[in-house]
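K.L.:
A predicted structure for the sequence below; I have some questions about it.
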Amino acid sequence: MTKQPSLYAFPTVNDLASALRAYVIHCQEAGLARHGVFKVAVSGGSLPKTLAQALLPPPASEADTVKWDRWEIFFADERAVPLDHPDSNYGLLKAELLDKLPAEAGQPTVHPIDVEVLDDTQELADRYEQALVKSFAGRDSVRLPIFDLLLLGCGPDGHTCSLFPGHELLRETTAWVAPIEDSPKPPPRRVTLTLPVVNHAVRVAFVATGGSKAEVMKRIFDADGDGLPCALVNEGTGERCSWFVDNDAVVGVGYPRRPFNL
Ligand SMILES: O=C(O)[C@H](O)[C@@H](O)[C@H](O)[C@H](O)COP(=O)(O)O
């Protein structure tokens, strides 16, 4: 049982946000102890808003401090659009979170995609991979980068990052970052971390809220996962994976919830 992902369910998104903060800070401290920085990748969708709710409130104590100036933020997936485009995940994170950081908090290092090559998604993915190589070089054997934490969403179809059910990208074994030109969720042209990179992270946290997630949560947790991308991450990461959900997202899900503690 201990090798299974943890499912933490909360009555409200507010409760979820408090627990998520404690979890992220725990991962931050582990990353800082390991190598002096905290390397994290984030998704788009509803996640940046929840993350802001979790991380923007002032610290309740020294131990509750988000050390923004030690954070290195990457994007788990990104759309091939300019950074100020309404579809940009960078733009979303900036609007929801980065622009709201108090000046005295210190600023994180953020790694957006290289918008010089938006017309060529393979080149866009290659350049993002190079940014990862540069950042992770010297720390790992660099066969695969080891993120301290990935903060991911789960689509109603079971996708995560821009890894979609049944897509050939799920079979990628060597690339760290891959292009996709036919994303079923618009916009179609994107880049994404690959499954081996996701599964190699020290910790992975999914955040899923709302009743629209309940059907897919049953398939991920109670059935055999149906090969859904989120289920493949559960299988690949086991106890390193935690799900932060509200009760609406797990109506009818039989998989045991854990009481939240670190
Ligand atoms: O760029 C994207 O499209 C997102 O990164 C995507 O992978 C998202 O995380 C899921 O679709 C869940 O989105 P919601 O949290 O909005 O349901």
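P.N.:
Yep, that arrived. Residues are numbered from 1 along each chain as shown.
K.L.:
double-check that Ala54 belongs to a strand.
P.N.:
No: counting by DSSP: H, G, I helix; E, B strand; the rest coil, Ala54 falls outside a strand, being helix.
K.L.:
which residues does it contact?
P.N.:
Ala54 makes contact with Leu16, Ala17, Ser18, Leu20, Arg21, Val24, according to CB atoms under 8 Å, 6 or more residues apart in numbering. (Each C-beta comes from the backbone N, C-alpha and C, glycine too.)
K.L.:
farthest-separated two in these?
P.N.:
Comparing all pairs in these by CB to CB, the longest separation belongs to Leu16 and Val24, at 12.1 Å.
K.L.:
so those two - more neighbours on which side?
P.N.:
Neighbours per residue (other CB atoms under 10 Å) separate Leu16 from Val24, with Leu16 holding more: 25 against 22.
K.L.:
leaving out sequence neighbours, find the closest residue to the more buried one.
P.N.:
Distance criterion CB to CB, 6 or more residues apart in numbering; nearest residue to Leu16, sequence neighbours excluded, is Phe10 at 4.2 Å.
K.L.:
list phi and psi for that neighbour.
P.N.:
According to degrees, to the nearest 10, the main-chain angles of Phe10 amount to phi -130, psi 150.
K.L.:
for Glu235, same thing?
P.N.:
Glu235 adopts backbone torsions of phi -70, psi -40, taken as degrees, to the nearest 10.
K.L.:
do you know how far the closest residue to it other than its chain neighbours is from Gly238?
P.N.:
The spatially closest residue to Glu235, leaving aside those adjacent along the chain, is Gly225, at 6.9 Å (CB to CB, 6+ apart). From Gly225 over to Gly238 the distance is 13 Å, taken as CB to CB, to the nearest Å.
K.L.:
same check on Pro196?
P.N.:
Between Pro196 and Gly238 the computed distance is 15 Å (CB to CB).
K.L.:
those two - which one has more neighbours?
P.N.:
Between Pro196 and Gly238, Pro196 has the larger neighbour count (other CB under 10 Å), namely 16 against 13.
K.L.:
my guess is that one contacts Glu172. True?
P.N.:
Yes: the pair Pro196 and Glu172 passes the contact test of CB atoms under 8 Å, sitting 7.3 Å apart.
K.L.:
return the residues of the stretch 151-262 of the chain in contact with the ligand.
P.N.:
Applying CB under 6 Å from any ligand atom, one finds that the stretch 151-262 of the chain approaches the ligand through Gly153, Cys154, Gly155, His159, Thr160, Cys161, Lys185.
K.L.:
swap the cut-off to 5 Å and go again
P.N.:
Within the stretch 151-262 of the chain, the positions lying close to the ligand (CB under 5 Å from any ligand atom) are Gly153, Gly155.
K.L.:
what residue in the stretch 151-262 of the chain comes nearest to the ligand?
P.N.:
The stretch 151-262 of the chain approaches the ligand most closely through Gly153 (2.5 Å), counting by CB to the nearest ligand atom.
K.L.:
residues contacting that residue?
P.N.:
If you count contacts by CB under 8 Å, 6+ apart, Gly153 has them with Ser43, Gly44, Gly45, Ser46, Leu47, Thr160, Phe206, Val207, Ala208.
K.L.:
now do the SS call for the residue of the stretch 1-150 of the chain found nearest the ligand.
P.N.:
Shortest the stretch 1-150 of the chain-to-the ligand distance, computed as CB to the nearest ligand atom: residue-wise this is Gly45, at 2.4 Å. For Gly45, the secondary structure call by three-state DSSP comes out as coil.
K.L.:
next, it: phi, psi?
P.N.:
Geometry field for Gly45 lists phi and psi as phi 60, psi -140, criterion degrees, to the nearest 10.
K.L.:
my guess is His85 meets Lys94, correct?
P.N.:
No: taking contacts as CB under 8 Å, His85 lies outside contact range of Lys94: 11.8 Å.
K.L.:
show me which of the two is the more surrounded one.
P.N.:
Comparing His85 with Lys94 by neighbour count (other CB under 10 Å), the higher total belongs to Lys94, at 17 against 14.
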